[in-house]
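**Q** Need the 3D shape of this:
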Amino acid sequence: MGSIEISGKVEMDLVDLEEQEAREFMEMLGIKESGLNRVIHTSYALLGLESFFTVGPDEVRAWTITKGTPAVKAAGKIHSDLERGFIRAEVVSSDDLLKAGGLSEAKAKNLLRVEGKEYVVKDGDVLNIRFSV
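**A** Next comes the predicted model:
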């Protein structure tokens, strides 16, 4: 099992700061991420979990799955109809999506790929599920 050390005082100070100030404060202390984020990342790793995303015009949503989950089962996390009628998943990594500036830009740069039922979803993937019920 893993363990992490956090400073309650530092975490309390970070909560009261604006985002930019918090980044500067952490940089000054030599901290790469907050204790809260480290607890979350460590917990996910210990539990064998990861997240994928769905993106729409008005919402971005994260979905938690077990590592090694195939695309068809990940679709079922969103809704059972998506799993039952799964055709394929359009996939792009969240890093590539952010660099491209959006889904249409990622598609234009050939960063969006089509994957089948057996594709193993990776942490940070952005999925657009194609289905028919």
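
**Q** contacts and neighbour counts: CA atoms only from here.
**A** Fine.

**Q** Show the subsequent helix or strand relative to the strand or helix carrying residue 9.
**A** Under the criterion of DSSP states H and E, residue 9 resides in helix 8-15. Next in sequence after helix 8-15, counting helices and strands by DSSP H and E, comes helix 19-29.

**Q** elements contacting the longest helix along the chain?
**A** Among the segments of the chain that qualify as a helix by DSSP state H, the longest is helix 35-47. Taking 3 or more Cα pairs under 8 Å, 6 or more residues apart in numbering; DSSP states H and E as contact, there are no helices or strands that helix 35-47 lies on.

**Q** How about it, which residues are buried there?
**A** 35, 42, 44 (16 or more other Cα atoms under 10 Å).

**Q** where do the strands sit along this protein?
**A** Secondary structure of the chain (DSSP state E): strands at 49-55, 60-66, 86-93, 113-115, 125-131.

**Q** Quick check, pLDDT for the residue lying closest to residue 22 once chain neighbours are set aside.
**A** In space, and not counting its chain neighbours, residue 22 is closest to residue 14: 5.6 Å by Cα to Cα, 6 or more residues apart in numbering. In this model, residue 14 is scored at 92, pLDDT.

**Q** What distance do you get for residue 14 to residue 32?
**A** In this structure, residue 14 lies at 13 Å from residue 32, with Cα to Cα, to the nearest Å as the measure.

**Q** With neighbour numbers in mind, choose between those two.
**A** Ranked by neighbour count (other Cα atoms under 10 Å), residue 14 and residue 32 place residue 14 first, with 18 against 11.

**Q** How is this protein divided into domains?
**A** Per automatic domain parsing, the structural domains of the chain span 8-45, 49-131.

**Q** weakest of these by average pLDDT?
**A** domain 8-45 (a mean of 92).

**Q** Now do that one: distance to the chain's middle.
**A** 19 Å (Cα atoms, centre = their mean, to the nearest Å).

**Q** end to end, how far does it reach?
**A** End-to-end for domain 8-45, by Cα to Cα: 22 Å.

**Q** can you pull the contacts of the closest residue to residue 129 other than its chain neighbours?
**A** Using Cα to Cα, 6+ apart and skipping the chain neighbours, the partner closest in space to residue 129 is residue 89 (4.6 Å). Residue 89 sits next to 71, 114-117, 127-130 when contact means Cα atoms under 8 Å, 6 or more residues apart in numbering.
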